[in-house]
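# Show me how the following folds:
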Amino acid sequence: MGKESTKAYKDPEFLGSRDARTIRILSEYLEPEARFRRLNVKDTIVFYGSARVTDGKTARKRYDYGKNGWNRSLLKNIVMNCNRLRSV
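Numbers count the residues shown, from 1 in each chain. Have a look, this model is predicted:
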């Protein structure tokens, strides 16, 4: 008789494969849910955003725009920057 087959959930090669992608995604949902339940966490807040850091000059312009209201010139610059980023 040959070698006994490894259970799929214990096989690192399978778990890292494209075929097991659904299992990996599901585990990223189930594990935190189980941890929250164990720690009696009832509510959470999720922040969505980017890990990109904006240079100080651009950040200041965006801050001023938000603080001072609509500014056509600043809005034009933001749109141009967004279009530039899309083309990258």
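# For the rest of this, base every contact and every neighbour count on C-alpha atoms.
Noted.
# can you list the domains in this protein?
1-48, 56-86 (automatic domain parsing).
# Please work out which of these is packed deepest.
domain 56-86 (a mean of 12; mean count of other C-alpha atoms under 10 Å).
# Next, the closest residue to residue 42 other than its chain neighbours: secondary structure please.
Take residue 42 and drop its neighbours on the chain: the residue closest to it by C-alpha to C-alpha, 6 or more residues apart in numbering is residue 36, 7.5 Å away. Using DSSP: H, G, I helix; E, B strand; the rest coil as the criterion, the local structure at residue 36 reads helix.
# List of residues touching stretch 39-57?
residue 36 (C-alpha atoms under 8 Å, 6 or more residues apart in numbering).
# Could you tell me the end-to-end distance of it?
Length of stretch 39-57, first residue to last, C-alpha to C-alpha, to the nearest Å: 43 Å.
# So what touches the helix or strand of the chain with the lowest mean pLDDT?
Lowest mean confidence among the helices and strands of the chain (mean pLDDT, DSSP states H and E): helix 72-86, at a mean of 73. With C-alpha under 8 Å, 6+ apart as the test, helix 72-86 has contacts from 61, 65.
# Send me it as PDB with only the CA atoms.
As requested, the backbone C-alpha atoms of helix 72-86 are provided in PDB (Å, rounded to 0.1, in the frame of the first residue of the first chain):
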ATOM      1  CA  ARG A  72     -12.800  75.700  -7.900                       C
ATOM      2  CA  SER A  73      -9.000  75.900  -8.400                       C
ATOM      3  CA  LEU A  74      -8.300  73.400  -5.700                       C
ATOM      4  CA  LEU A  75     -11.100  71.100  -7.000                       C
ATOM      5  CA  LYS A  76      -9.500  71.200 -10.500                       C
ATOM      6  CA  ASN A  77      -6.100  70.200  -9.000                       C
ATOM      7  CA  ILE A  78      -7.600  67.300  -7.100                       C
ATOM      8  CA  VAL A  79      -9.400  66.100 -10.300                       C
ATOM      9  CA  MET A  80      -6.100  66.400 -12.300                       C
ATOM     10  CA  ASN A  81      -4.300  64.400  -9.600                       C
ATOM     11  CA  CYS A  82      -7.000  61.700  -9.600                       C
ATOM     12  CA  ASN A  83      -6.800  61.400 -13.400                       C
ATOM     13  CA  ARG A  84      -3.000  61.200 -13.200                       C
ATOM     14  CA  LEU A  85      -3.200  58.400 -10.700                       C
ATOM     15  CA  ARG A  86      -5.700  56.500 -12.800                       C
END
